[in-house]
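Student: got a structure for you, letters missing:
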């Protein structure tokens, strides 16, 4: 039976021993550092050292933090598209369009479940159309 004692928390690894047995092994500074790193939401080594100096980690000493693949995954971000520059000189030169739906609740006025918008890039004028069916988009666009 292997037992690990970490902050009065025992983890059993293996089978149970009947009778009297006292098994306790000390956790190394490296395991302790990794455990606190995960407990504190993958805090940096510098942050853990600051907490340790203020005696907020229960007297545990903080060692060198090894590579953490979860920290790398957490710092990934979605690359955004570059900003497009539209040089429109008049109305209806460039139109932005959006179709929203299917709504789970139909509108009170006419039972529409879709909303179609057109925005003129030059004047910023907005047209909104409420549609009952998705296949009404082309007819509305024309």
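Tutor: Arrived safely, thanks for sending. Keep in mind that this is a model prediction, so the values were computed, not measured.
Student: Centroid-nearest residue for the protein?
Tutor: By C-alpha atoms, centre = their mean, the mean C-alpha position of the chain lies nearest to residue 74, the distance being 7.9 Å.
Student: How is this protein partitioned into domains?
Tutor: Here the domain parsing of the chain from automatic domain parsing is 2-74, 95-141.
Student: where does this protein dip in pLDDT?
Tutor: Scanning the chain for pLDDT under 70 picks out the ranges 1-30.
Student: Can you show me the strands along it?
Tutor: With strands called from DSSP state E, the chain shows them at 2-6, 9-13, 95-101, 114-120, 126-131.
Student: chain center to the longest helix anywhere in the chain: distance?
Tutor: When the chain is parsed with DSSP state H, its longest helix is helix 29-39. Averaging C-alpha coordinates over helix 29-39 and over its chain gives two centres that are 23 Å apart (C-alpha atoms, centre = their mean, to the nearest Å).
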